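[1] fold the following and give me the result.
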Amino acid sequence: MWETSEDRLALLELLVHGRLKRRQLQTDAFNVLEELPWTRATGRRDEIGIVEERRHELVSLLERSWPSWSGEWGELTERGLPPTPEGWAKLLDARRADQLPTLPARLNRRTAAALAAAHSKAALTRGRRAALGPAEATHDGTVRLRPPSGLVARSASGAVDLSAVATVLGEVTIAERAFLDGLTLEGEVRAVLLIENLGAWRDLPSHPGILLVHVPGWDTTTVGHLLQRMPGSPALHFGDLDPNGARIYQHLRERRPDLIWFLPDLWAEYAGAHARHTQWPVDVDLSTAPRWARDLAARGLWLEQEVIVLDPRLTEAIESTLQRIDTP
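    Residues are numbered from 1 along each chain as shown. Purely as a prediction, here's the structure:
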């Protein structure tokens, strides 16, 4: 007992404030202290107070379990922080902020978290981001493209024909930092087709003037930069017809409100042989889906997109969707 910072902070808070509230992180410590003769009920729910005549025993326990407690309390007080788990976390953040090295203009968010927080997977809170100063924390995602003929990428370093690159390499990958550095896209793009699954993106036959973009699940930050550079081209999303696919579509619509959910009617023909069971949560928005898709969800079924990517009618379905967009 008293080995974790949360447990020791419970002792410190009880000592300096004379009372302690029950918190989830300190449940074990609270339960132990509640049974000791050093504490008493305060009349408030989930709160105990110190018995002043036994204060010396609490100090003795602190001295044994946390010899540096007085110095730590002094630093918390100096920074205006309470002796709670939240206050302790802010103190550790402040110490890390004081030791930050000179930072570049940009650094990966994992690197930033490793420097400003407890570890690289920790959240970059507002305070931790402020500690980074002007340095920008980036996701450093990439977007994989199968570009149409004539699409050119231009930056301060020059220009490159993306379709020519894809002819040699099979595809084009653009990093988020290229967009952050001002990369633009030039050329006629009839539409942007976002495709959720890698196999479907890779195997879908190319369509004249269509930019095929792989959207790997929720990793949409870099795709958002791409869509911002193509406001004049219609955008369609083609993913699995399942709860997660529907939510990804809604998430992408926050970046591109006019995004079209591509759900070709021919897909319904595959339900008998390929539909699989799932639970559709009631909060999944299917208001823009066709009737057959809503009926499928009502039956607790879903369809993966790969089963239709080689159907020759899919090209016609894409063309029909684009014609409806082009028609006033």
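
[2] could I get the pLDDT score of Pro328?
    pLDDT for Pro328: 53.

[3] er, Trp38 actually
    89.

[4] that one reaches Ile50, doesn't it?
    Yes: assessed by Cβ atoms under 8 Å, Trp38 is found in contact with Ile50 at 6.4 Å. Glycine gets a C-beta too; all of them are placed from N, C-alpha and C.

[5] quick check: neighbours shared by these two?
    Common neighbours of Trp38 and Ile50 (criterion: Cβ atoms under 8 Å, 6 or more residues apart in numbering): Leu58.

[6] could you list the domains of this structure?
    Domain assignment for the chain by automatic domain parsing gives 1-99, 101-138, 142-326.

[7] for the second one, buried residues please.
    Of the residues in domain 101-138, those buried by neighbour count under the rule 16 or more other Cβ atoms under 10 Å are 103, 106-107, 109-117, 122, 124, 128, 131-132, 135, 137-138.

[8] what distance separates the start and the end of it?
    With Cα to Cα, to the nearest Å as the measure, domain 101-138 spans 18 Å from end to end.

[9] show the end-to-end separation of stretch 177-189, please.
    Per Cα to Cα, stretch 177-189 runs 23 Å from first to last residue.

[10] contact partners of that stretch?
    Residues contacting stretch 177-189 (Cβ under 8 Å, 6+ apart): 106, 136, 138, 140, 148, 150-156, 159, 162, 174, 209-211, 222, 225-226, 229-230, 233.

[11] among the buried residues of domain 101-138, which lie within strands?
    106-107, 137-138 (DSSP state E).

[12] closest to Ala94 out of those?
    Ala137 (18.5 Å; Cβ to Cβ).

[13] for that closest one, give its distance to Asp242.
    32 Å (Cβ to Cβ, to the nearest Å).

[14] same check, this time on Gly199
    16 Å.

[15] could you do Thr77 as well?
    53 Å.

[16] show me where pLDDT drops low in the protein?
    Across the chain, the ranges flagged by pLDDT under 70 are 326-328.

[17] if any of the contacts of stretch 177-189 are buried, give me the PyMOL selection for them.
    A single PyMOL command selects the buried members of those (16+ other Cβ under 10 Å):
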select buried, resi 106+138+140+148+151+153+162+174+209+210+211+222+225+226+230+233
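
[18] of the contacts of stretch 177-189, which belong to strands?
    Those of the contacts of stretch 177-189 lying in strands (DSSP E): 106, 136, 138, 152-155, 159, 174, 210-211.

[19] helices along the stretch 201-328 of the chain, start to end?
    For the stretch 201-328 of the chain, applying DSSP state H, counting those that start in this stretch gives helices covering 221-228, 243-255, 271-274, 291-298, 313-326.

[20] what residues of the shortest one count as buried?
    Pointing back at helix 271-274 there. Ala271.

[21] next SSE after the helix or strand where Leu9 lies?
    Assigned by DSSP states H and E, Leu9 belongs to helix 5-17. Sequence order places strand 19-21 as the next helix or strand after helix 5-17, per DSSP H and E.

[22] mind listing what's buried along the helix or strand just after that following strand?
    Per DSSP H and E, the first helix or strand lying C-terminal to strand 19-21 is helix 27-35. Neighbour-count burial for helix 27-35, with 16+ other Cβ under 10 Å as criterion, is recorded at 29-30, 33.

[23] kindly report the same for stretch 195-206.
    195-197, 200-201, 204.
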